[in-house]
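> no sequence for this one, just the structure:
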């Protein structure tokens, strides 16, 4: 996914080139700052002494809208690992705190020798804005994790601002929401921020704020971690409906597993902590120019969700994750990299080699094939970057390939990006599996409901305890012989395991003494497993090139505010909006001195005219590993950052960057490398100084033999030491794949569901819509339930009637036209005739609407079109209602 919660580090150096600092004088204090002043009212400035030692003065100022918000700064070009300062208004005062985080998620409070003292004259709260001016003591350092490191040339400084009120603004350790009002970076020459008056201005600071921060004018001390007390287990009630399977997490893996369980005839409860995503799932925040889709439906918005709306990112995970139906697959950029065979053969245990899982892959690809063309009309729009890059790679002897048809081709190859798109819309398990489950009476979905823990006594799991959006606790139990399956993702499944008394003792003790109200089993019943001990991720390094021939990039305004031509094309499943943001992908590998083969993925596009951007991922063969834990507030955090901890990985990325540099210097090269700021003679060392996480985490509950590093589940995905608790998500993956993790997670989920059903003896006869629920006897409320008396089941949040026809409806005639429409770029010549996905069955009805699907393999919906429209066969898989 690789999107930032707070500041997108890969963009910093790029934006800072264009956005440099400006001087301004604070009208209330007379302090002269050097910083950035935005049109929105946000401003950030710095002042330092002529001979810098340990301190600086800063001012953060931001508008107040929607009843609150927050603003902040980063003391470096990356959010991760650098020291951050955030501030916000609360009842006429400004609260502030130091923060630090290793991933792209809500940063927790951090303490140290640094501290802040308020400058009162420059600190205020009005109805329209707030300002925080302060002396930052011991904030200059030679270590970027401990403060601001002054560069001899140019510092790149980050900023961010949210206009949404915090859930709890009363404490300086409050959890932060997403910075949807704005974020960015600017270049700052620290020599411009120097002043002979610094000592005079520093003397204006008062108070002795603790290193964690405090309200201006007050002396409250911020705790080391966010605290949001919630009800303990004693408030839980027990629902009187039971299920054969309870699946915790409605992401890619959870939906696939739940659908396959329900298809077998078992009763299934799927619980998702977030809300709806695609419009047909109930997301009412549809787009102004097309009321039939949400921003999550539109492929082109994969890179621009935060520009279009407020994406539902989690705030309690160590890095970015999606907290909505579909999980990360609803907020990512739709890369769908079918795994090469060695992705399974190298590190997966016996029973999970490619020969074992290939049938599961076939089942997945039949429903959710992915494709490389995007637009349904067969035209590749905005394809200039591919034209430039394909010539570049071809001149180096690389071969073009189709990554959907040839997943094993992963060395010195390039091609059109493999996307999880179908019929012009974001695809994935929400669209290709969930509607099939929704047709079954034995399937239920609950959204906006968080699974807190598995209810466990010894090795037996009787159900799950959940918390609703309003804080109510309910226990849902499984039937006799039932199963609980955790599919909350690699950064949230560990939390459920910790809360269930499963994991390293240090993490369980944190839960036991924390503020979440979770009551663990007796310590004698704790299950000591290395949950979180072997987490891995793809690190991403960003490089840019200038093109030797003209290249016109598409302005994001053309996508965010599309013109009528673009809108009309999208209504037919075509045009730029039907494509994700990548324009070319490449794969290669290097051999390191220890004999390892390390693979690389390149994801390329054109962010501006005459410019190519490559995101270079270290993938399969990566050695770096970290560890994941939990804090007292229940958020998962990195104990050890998993990125670039191995010298082998450093050697590998150095070799790959050396190769790219040499390729760009060749006599027939069409690209020239853009040097990082302040660098003239570029080396690979310059290109690998900074990177960002891929948010493709795996390995927090690895599959394998008990006792091996990081292994938590057996080859049936059952948690060691339990009778009926399973994990089906990226947590169990013992290694990173060669590409983005979406496809391999779905393959593994198909394989795991089949194994679990075989193990449990689940009926194999599929259930048809309208059939009755499973008649498995309902047991008495188990002794492990906190409240012995049963209560009526809380009403599950049901999806609207499933309408997964992929082509979006044409906008109503009254739909407002987009402001300042941008011109649609001329399309390239038509691509080879694409083979569309085989989508989930459509909802039955009398007629299909305009542009809707009306036939094709796998279609069970209406085959007759509305008056004046004809059902036209596009190919064996897809027919569409077109104008007569």
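Yep, it's here. The structure presented is a predicted model; accordingly, all values stated were derived computationally and were not measured.
> OK, contacts around the residue nearest the centre of the chain?
Taking CA atoms, centre = their mean as the criterion, residue 321 is the residue nearest the geometric centre of the chain, at 3.7 Å. Contacts for residue 321 were tallied using CB atoms under 8 Å, 6 or more residues apart in numbering; they are 1, 105, 313-314, 327-328, 489, 491-492, 695. The C-beta positions use only the backbone N, C-alpha and C, and glycine is treated the same way.
> ok, it to residue 610 distance?
Noted for residue 321: a distance of 36 Å to residue 610, by CB to CB, to the nearest Å.
> Residue 193 too?
From residue 193 across to residue 610, the span is 33 Å (CB to CB).
> Then residue 524?
Distance, residue 524 to residue 610, by CB to CB: 67 Å.
> Who has more neighbours out of these two?
Comparing residue 524 with residue 610 by other CB atoms under 10 Å, the one with more neighbours is residue 610, at 15 against 6.
> which ones are touching that one?
546-547, 550-551.
> Over to residue 26?
Residues in contact with residue 26 (CB under 8 Å, 6+ apart) are 32-33, 45, 59, 122, 133.
> closest to residue 689 among the residues you listed?
Nearest to residue 689 among these is residue 45, at 26.3 Å by CB to CB.
> hey, what's the closest one bridged with?
When assigned by DSSP bridges, residue 45 has beta-bridge partners residue 35, residue 59.
> I figured it was touching residue 38, is that so?
No: counting by CB atoms under 8 Å, residue 45 stays clear of residue 38, with 11.9 Å between them.
> between these two, which one's more packed in?
residue 45 (26 against 18).
> Next, work out how far apart that one and residue 23 are.
For residue 45, the distance to residue 23 - CB to CB - is 9 Å.
> Any chance you could list residues touching both of these two?
Going by CB under 8 Å, 6+ apart, residues that sit against residue 45 and also against residue 23 are 33-34.
> mind showing which ranges of this structure have poor pLDDT?
In the predicted model, the chain carries pLDDT under 70 at residues 1-19, 78, 103-104, 208-234, 760-846, 850-853, 856-860, 874-884.
> any idea how far the longest strand belonging to it is from the chain center?
Criterion DSSP state E: the longest strand present in the chain is strand 473-486. Mean C-alpha position of strand 473-486 versus that of the full chain (CA atoms, centre = their mean, to the nearest Å) differs by 28 Å.
> Next, the buried residues of it.
For strand 473-486, burial by neighbour count (16 or more other CB atoms under 10 Å) applies to 473-479, 482-486.
> which helices and strands sit right next to that strand?
Packing contacts for strand 473-486, counted by 3 or more CB pairs under 8 Å, 6 or more residues apart in numbering; DSSP states H and E, involve strand 237-248, helix 252-263, strand 449-457, strand 460-468, helix 493-499, strand 725-727, helix 742-760.
> let's see it at 7 Å
If contacts are counted by 3 or more CB pairs under 7 Å, 6 or more residues apart in numbering; DSSP states H and E, strand 473-486 sits against strand 237-248, strand 460-468, strand 725-727, helix 742-760.
> strand partners of the first one, parallel vs antiparallel please.
By that I understand strand 237-248. Assessed with DSSP bridges, strand 237-248 is paired to strand 268-271 (parallel), strand 473-486 (parallel), strand 790-791 (parallel).
> of all the ones you listed, which lies closest to residue 847?
Using CB to CB, the strands paired with strand 237-248 put strand 268-271 closest to residue 847, at 31.1 Å.
> Name the surrounding residues that touch the helix or strand just after that closest one.
Next helix or strand after strand 268-271 toward the C-terminus (DSSP states H and E): strand 286-287. The contact list for strand 286-287, computed with CB atoms under 7 Å, 6 or more residues apart in numbering, reads 279, 292-295.
> Alright, I will stop here.
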